[in-house]
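Trainee: What follows is a predicted structure for the sequence shown.
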Amino acid sequence: MLRGASERLGGGLRAFLAAEVLRRFGSGPDTSDVNVIVVGCGRVGSGLAMEMADRGDRVVVVDWSSDALARLPETFSGRTVTGSGFDREVLAQADVDKADALVAATSGDNTNIVTARVAREFFEVPKVIARIYDPRRAAVYERLGIPTVATVTWTMEQVLTRLGSDAAARSWTAATGDLAVVERLLGDHWAGQRLDLLCQPGRFNLIAIRRLGATTLAGPATVAQPGDIACLAVAVEHLEELDQALDGSVPTGGAH
């Protein structure tokens, strides 16, 4: 069971990074079919490369380990280059001069930052993102003009939310103590269902849905997907009622 939970969390992290990259790089009709370099072919890097290749981008994956590159599935439509991601000659082999974007997603913060800086400052790649394990470094790198994704922070938030931690689930409480904004992981039974039951005037109201690393405004007509996290405003006296509504099966009248 723990292995399954770990795999789901890892899959969620890869999906989160892909969604975050697409959000920062843009995902409109004019931003498909772009040239992307992914440095690092671990589980996250390879998953990200597959996500972006599947959406039609031209992807080159760079890793010093040929064994890591060999783990890419046969269905991967991009190219691979063996070598260090911050080696200029290696990046040249990856056609960095044509790259619209580069994602540094190795397992080392220093490697990711050096790679991102070489891509940004030497090759002038328009859009660069570095994966960061230590969230304390993120602000420093952001000031250097390098957008980062602090995966440890994201993972901790996901674990706490999935464990039902009130610290993670209650984002804000009014100074008067009678209103709160909370986050709740939607159970599997909500998948494919409209969320109109989470809109109860005077008691609680759906505000937004966090899905694959992006948060969007939501309402009664929103349809849930597996892994969704709902953001709701709730009268504190109705918190227990909200949790009961979330935990119970969806009545037939609430599904469409």
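Mentor: Thanks, I have the structure now. Numbers count the residues shown, from 1 in each chain.
Trainee: quick one: low-confidence ranges for this protein?
Mentor: 1-32, 135, 139, 142, 150-171, 175, 213, 249-256 (pLDDT under 70).
Trainee: Now do the domain split for it, please.
Mentor: 2-156, 165-254 (automatic domain parsing).
Trainee: Just put those in a markdown table and tack on mean neighbour count.
Mentor: For glycine as for every other residue, the C-beta is placed from the backbone atoms N, C-alpha and C. Shown next, in a markdown table, are the domains of the chain (neighbours: other C-beta atoms under 10 Å):
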| stretch | mean neighbour count |
| --- | --- |
| domain 2-156 | 18 |
| domain 165-254 | 16 |
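Trainee: Could you give the separation of the host helix or strand of Glu89 from the chain centroid?
Mentor: Taking DSSP states H and E as the definition, Glu89 sits inside helix 88-93. What separates the centre of helix 88-93 from the centre of its chain is 28 Å, taken as C-alpha atoms, centre = their mean, to the nearest Å.
Trainee: who touches that helix?
Mentor: 37, 62, 81-85, 118-119, 122-123 (C-beta atoms under 8 Å, 6 or more residues apart in numbering).
Trainee: Skip ahead from it and say which helix or strand is next.
Mentor: Next along from helix 88-93, by DSSP H and E: strand 101-104.
Trainee: next helix or strand past that next one?
Mentor: Per DSSP H and E, the helix or strand that comes after strand 101-104 is helix 109-117.
Trainee: Going by contacts, tell me the helices and strands next to that next one.
Mentor: Packing partners of helix 109-117 (3 or more C-beta pairs under 8 Å, 6 or more residues apart in numbering; DSSP states H and E): strand 101-104, strand 127-132, helix 135-143.
Trainee: and Phe76, which of those is closest to it?
Mentor: Phe76 lies closest, by C-beta to C-beta, to one member of those: strand 101-104, at 15.5 Å.
Trainee: strand partners of the closest one, parallel vs antiparallel please.
Mentor: strand 35-39 (parallel), strand 127-132 (parallel) (DSSP bridges).
Trainee: Now tabulate those strands in JSON lines and tack on distance to Asp243.
Mentor: Shown next, in JSON lines, are the strands paired with strand 101-104 (distance: least, C-beta to C-beta, whole Å):
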{"stretch": "strand 35-39", "distance to Asp243": "40"}
{"stretch": "strand 127-132", "distance to Asp243": "34"}
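Trainee: now the helices: where do they sit in the chain?
Mentor: 2-25, 43-54, 66-70, 88-93, 109-117, 135-143, 151-162, 166-169, 239-247 (DSSP state H).
Trainee: Does Arg211 touch Pro226 like I think?
Mentor: No. Arg211 lies out of contact with Pro226 (C-beta atoms under 8 Å); the separation is 9.6 Å.
Trainee: Please tell me I have it right and Val60 contacts Asp97.
Mentor: No. Look at Val60 against Asp97 with C-beta under 8 Å: they stay out of range, at 11.9 Å.
Trainee: could you measure the closest residue to Ala218 other than its chain neighbours against Gln244, distance?
Mentor: Excluding the flanking residues, the one nearest Ala218 by C-beta to C-beta, 6 or more residues apart in numbering is Ile209, at 4.4 Å. Separation of Ile209 from Gln244 (C-beta to C-beta, to the nearest Å): 20 Å.
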